[in-house]
Every structure is written in C-alpha cells, then in structure tokens.
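A.B. asks: All I have is the shape, not the residue letters:
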C-alpha cells in the first residue's frame, strides 16, 4: 500500500500517483434541498490509482456525494474536475462517458436479461455500429457483436462468472448480483469506479474475496476506486486514503491509521463520553 504524499490544495494522494494529475478533484462541493444543506464545502482529491474510502454514520451524506459526482443531482455550488475536466453542465450519461462509473446501495440490474446481456449494456459506449446496421444485421453489426461477446466474457472472468453468462441476472445469488453490477460498471471503461456499499449482505469470506477483487481491478485496469462502506474491516484493510463525513461536512481525512485514532471520528461513530 502506497503512502500518501501532499499535492495541491493541501490534498494527499498515493506516492505512486504523485507524478500524474488527480483523476478526481472536488472543490467546495455542496447541495441544498430547499432550506436544508445536505452536503457542504466538500473538498477531496483522488489519485489515478488510489483506493479511497468515504465513511460516516448513517445519514451523513455519503450517497448524496456519489449522486453529485455522477450528476444524479446537480450541485448547488462547487466544482468537480474529472481528469482535470470540469463536469459542470454534464448529465449522468455524459459524466459516465467522461470516466465515472458506479454501483448502487440497492442492486440495479436488468433482472430479466442474462448476465452477459447486462454486461453488454455497459459496453454500449464502445460499440460503434450504427442503428441501421443493427436493424439490418449488417456484417459490421455481427463483427461488433463478436467483439462485445469476447469483451463481456473477459470482464466476467475477473469474478469467475463466465460460466454464468447465459443465466438470468435475477436468478443469481445476492453476492453474485453484486459482483455482476461491478462488472457492468467496469464495462463502461471508467477512470474511477464508485462502489456504494459493495460488501452489503456479504458474509466474511465473500467480503475477503471482494477485497482481493477490488485490488485486482485497480491493478488490472489502472483506475481509481472510491467506496462507501460500513464494514470497517474492509475499509481499513483496503483503503489508502479515507474521508469521513458527518452531517454533510468532512470531519477528517487521512490514512486508515490516522482515521482510527482520530477523536472526532470516534465521537461521530460512538458518541461523546459523558463527564464523570
């Protein structure tokens, strides 16, 4: 695990990424819903191959941050730079094409489609054939379909799921559906992958396997991964930089060791000790 080093705006990223521009920069990011401020002054920098964690108590605003990054919500204020490009004005499709992919707390697969078909949906940005070639089943269509099949099987093999390609997605066990959602997100060829509670519902052995696979994905695709997770053994075991939210504001940033010993973080999770 690479140590964190300082870069611009007092941010820290893994040392191995220090010679490259960050994949993600959030500057003064915030959103209001009516008179309620859900996220405020969110500042975060993530290196090109960093595995980062976003943690905090329930209702802290973590999923709202993911929704801001992926343009499910448009920010009330602040800037998001993706690979140095300002995402202001982009919609969810455009920001995905620019390099952000995500999974969700609640699995969002096309349950009636096959495993392979779900992955192929993620490949849509990379299939150059025209609508008419698809309708007419022209040779160019079949050529691209062959490429899509090969790519889908290659991605499924990351999780040893290639033998499930013809199974209906909705028939898979819960853990396999979680893995399929990650594969579909990877199919969009992201620069950063956002995982919203990827270990939810998994047993300890599945969680340990997930940790190995997250590292494998980072190393294989040379991308950054940012995860929201309540399983602290997973977060502390795999994340290089961790950001802690509480009531929509960042209360701490640092390495796992720094976060574990931070009294403000401990208070946010466990509550303030009563005076004797």
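C.D. replies: On my side now, so go ahead. All of these numbers come straight from a predicted model, not from anything done at the bench.

A.B. asks: Report pLDDT for the residue nearest to the spatial centre of the chain.
C.D. replies: Geometric centre of the chain, nearest residue: residue 194, 0.7 Å, by C-alpha atoms, centre = their mean. What the model reports for residue 194 is a pLDDT of 97.

A.B. asks: Find the residue closest to it in space, skipping its chain neighbours.
C.D. replies: Nearest residue to residue 194 in three dimensions, chain neighbours excluded: residue 102, at 3.9 Å (C-beta to C-beta, 6 or more residues apart in numbering). Heads up, the C-betas are built off the backbone N, CA and C, glycines and all.

A.B. asks: my read: the one you found touches residue 186, true?
C.D. replies: No. Between residue 102 and residue 186 there is no contact under C-beta atoms under 8 Å: 11.1 Å.

A.B. asks: The two - which one has more neighbours?
C.D. replies: residue 102 (25 against 20; other C-beta atoms under 10 Å).

A.B. asks: shaky segments in the stretch 51-200 of the chain?
C.D. replies: 125-142 (pLDDT under 70).

A.B. asks: buried stuff in the helix or strand that contains residue 265?
C.D. replies: Assigned by DSSP states H and E, residue 265 belongs to helix 263-270. Neighbour-count burial for helix 263-270, counted by 16 or more other C-beta atoms under 10 Å, picks out 265, 268.

A.B. asks: same deal with stretch 54-66?
C.D. replies: 54, 55, 56, 57, 60, 61, 62, 63, 64, 65, 66.

A.B. asks: Same check on stretch 115-124?
C.D. replies: 115, 116, 118, 119, 120, 122, 123.

A.B. asks: Equivalent analysis for stretch 230-244, please.
C.D. replies: 231, 234, 235, 236, 238, 239, 240, 241, 242, 243, 244.

A.B. asks: hey, where'd the helices end up in this structure?
C.D. replies: Assigned by DSSP state H, the helices in the chain fall at 62-69, 92-98, 115-122, 131-135, 139-156, 174-186, 204-221, 232-238, 256-260, 263-270.

A.B. asks: how about JSON lines for those, with distance to residue 35 added?
C.D. replies: What follows is these, written out as JSON lines (distance: least, C-beta to C-beta, whole Å):
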{"stretch": "helix 62-69", "distance to residue 35": "16"}
{"stretch": "helix 92-98", "distance to residue 35": "26"}
{"stretch": "helix 115-122", "distance to residue 35": "38"}
{"stretch": "helix 131-135", "distance to residue 35": "46"}
{"stretch": "helix 139-156", "distance to residue 35": "44"}
{"stretch": "helix 174-186", "distance to residue 35": "34"}
{"stretch": "helix 204-221", "distance to residue 35": "39"}
{"stretch": "helix 232-238", "distance to residue 35": "33"}
{"stretch": "helix 256-260", "distance to residue 35": "32"}
{"stretch": "helix 263-270", "distance to residue 35": "24"}
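
A.B. asks: quick one: contacts for the residue nearest to residue 190 when sequence neighbours are not counted?
C.D. replies: Nearest residue to residue 190, sequence neighbours excluded (C-beta to C-beta, 6+ apart): residue 101, at 3.7 Å. By C-beta atoms under 8 Å, 6 or more residues apart in numbering, the contact list for residue 101 reads 122, 185, 186, 188, 190, 192, 193, 194.

A.B. asks: and the last one, how far is that from residue 182?
C.D. replies: When C-beta to C-beta, to the nearest Å is the yardstick, residue 194 and residue 182 sit 11 Å from each other.
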